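> The amino acid sequence is not available; the structure is as follows:
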């Protein structure tokens, strides 16, 4: 079982300015496995549930209610492949699409993630699309919660949350994320800023892409107002920076398999603190703001070229403080840095410190490339620790 929960910084925006009151339900997390015999690009997960209870997958956000021990296999699927053009005129994808396999009667209920903000929305528009034999049927959820739709006694194949399009000109309010990455190998300070629906599959695809570009995530809070598909949002700053290709970002749902929209921000000379804003182009209201401080723009540009030096220098601290271990191990397996036997050896150690030490020793034995991958995953999964060690 994994009880690791990503800690994000609190927004600087006063509570009275936040227009969304949706709260995530905290559930017991389970870390999925990845089958060795399945090509890694298919992202096929297996959750081994130990007994009765309600369990949330730490990687996808899927929740399963079971009455006994169970094994469930699932992967992401693509809306554009299955949702026909005629159906797209009626339904809006409102979360990831999943292909799920389980023995009949194994799962009493499944909670499918969605990113619609329910603050001022009629939940009668929420449905679950069920694809079977290339045909879509619409099912009504048993219950609609802030970040998921519950379906009792599900029949599994392809399932995902959809929302009926509104007939008025007003679109649906969406939960969203702002992701900022620093390109460590770029000149001066170069940032990539993404504005996406709060869809974990899209977020993971961006992280993988940015990791391949040798980038570091700079965690910032999400927008404090719901956003709307079809609107354009303008990125601005209180000082002189270059924003390319243009400061406007369209807000829409794009398949995780496609390149997501982002703006590149070039800062020639980093000030002590820079304020960034995102405004709604429809009414010029600020929907997000965050400060980028000189401490956020890390000195990691030099260290990132020699991850072994970072690991050696901070090994004692990493052994005692490294978190998100289950997620780190999963990513290392996906990247073919470690295999299932090595992952089991790490998890078999009887304390957190020994597990971390075993993993660090293993990466060291495998050489610089393995240490570089571990460093990149650590940047993504525990950026506050990396930043703190670099500033210490």
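Happy to help now that I have it. None of the values given here were measured: they were computed from a predicted structure.
> Double-check residue 155 against residue 131; I have them as touching.
No. Counting by CB atoms under 8 Å, residue 155 sits too far from residue 131 to count as a contact (11.4 Å). For glycine as for every other residue, the C-beta is placed from the backbone atoms N, C-alpha and C.
> Of the two, give the one with the bigger neighbour count.
Neighbour tally, residue 155 and residue 131, criterion other CB atoms under 10 Å: the higher count belongs to residue 131, 19 against 12.
> Could you report the distance from that one to residue 100?
According to CB to CB, to the nearest Å, residue 131 stands 11 Å off from residue 100.
> now do residue 94
In this view, residue 94 and residue 100 are 17 Å apart by CB to CB.
> Which one's more surrounded, these two?
residue 94 (26 against 21).
> Starting from the helix or strand hosting the more buried one, tell me which strands it pairs with and how they run.
Here residue 94 is covered by strand 91-101, with elements defined by DSSP states H and E. Paired neighbours of strand 91-101 in the sheet (DSSP bridges): strand 70-77 (antiparallel), strand 158-164 (antiparallel).
> Pick the most buried one from the ones you listed.
Counting by mean count of other CB atoms under 10 Å, strand 158-164 has the highest mean neighbour count of these, with a mean of 22.
> mean confidence for that one?
Regarding strand 158-164, the rounded mean pLDDT is 95.
> all strands for the stretch 151-300 of the chain, in order.
158-164, 173-174, 176-183, 189-197, 215-217, 227-228, 232-237, 242-244, 248-250, 262-267, 273-280, 286-293 (DSSP state E, counting those that start in this stretch).
> In a markdown table: those, plus distance to residue 337.
Listed next are these as a markdown table, based on distance: least, CB to CB, whole Å:
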| stretch | distance to residue 337 |
| --- | --- |
| strand 158-164 | 31 |
| strand 173-174 | 35 |
| strand 176-183 | 21 |
| strand 189-197 | 24 |
| strand 215-217 | 18 |
| strand 227-228 | 36 |
| strand 232-237 | 35 |
| strand 242-244 | 34 |
| strand 248-250 | 33 |
| strand 262-267 | 27 |
| strand 273-280 | 34 |
| strand 286-293 | 31 |
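> Where among those is average confidence lowest?
Among these, strand 215-217 carries the lowest mean pLDDT, at a mean of 86.
> Output the contacting helices and strands for that strand.
With contacts taken as 3 or more CB pairs under 8 Å, 6 or more residues apart in numbering; DSSP states H and E, strand 215-217 sits against strand 176-183, helix 368-381, helix 383-391.
> circling back: of all the strands of the stretch 151-300 of the chain, which one comes closest to residue 369?
With distances scored as CB to CB, the stretch of these nearest to residue 369 is strand 215-217 (17.7 Å).
> How far does that closest one sit from its chain's centre?
Here the centre of strand 215-217 is set off from its chain's centre by 14 Å, with CA atoms, centre = their mean, to the nearest Å.
> Residue 49 versus residue 29, what's the distance?
11 Å.
> Name the residues contacting each of the two.
residue 55 (CB atoms under 8 Å, 6 or more residues apart in numbering).
> still on that earlier bit, columns distance to residue 213 on top of the helices and strands packed on strand 215-217, output as TSV?
What follows is the helices and strands packed on strand 215-217, written out as TSV (distance: least, CB to CB, whole Å):
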stretch	distance to residue 213
strand 176-183	6
helix 368-381	10
helix 383-391	16
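> Of all those, which one is nearest residue 43?
Across these, closest to residue 43 is helix 368-381 (CB to CB), at 15.7 Å.
> Between strand 176-183 and that closest one, find me the angle.
Angle of helix 368-381 versus strand 176-183, following axes from the mean of the first three to the mean of the last three CA atoms, to 10 degrees, is 150 degrees.
> Could you find the closest non-adjacent residue to residue 359?
Here the nearest residue to residue 359 in space, its sequence neighbours aside, is residue 346; by CB to CB, 6 or more residues apart in numbering that works out to 5.0 Å.
> Checking my notes, the one you found in a helix, right?
Yes. Looking at residue 346 with DSSP: H, G, I helix; E, B strand; the rest coil, it is inside a helix.
> quick one: it and residue 358 touch, right?
Yes. Using CB under 8 Å, residue 346 is in contact with residue 358, at 5.1 Å.
> low-scoring stretches of this structure, by residue?
The model of the chain has pLDDT under 70 over residues 1-19, 35-42, 168-170, 186-187, 298-305.
> Got the domain ranges for it?
21-164, 175-297, 301-391 (automatic domain parsing).
> quick one: terminal-to-terminal distance for the longest one?
Same thing as domain 21-164. This stretch, domain 21-164, spans 22 Å end to end (CA to CA, to the nearest Å).
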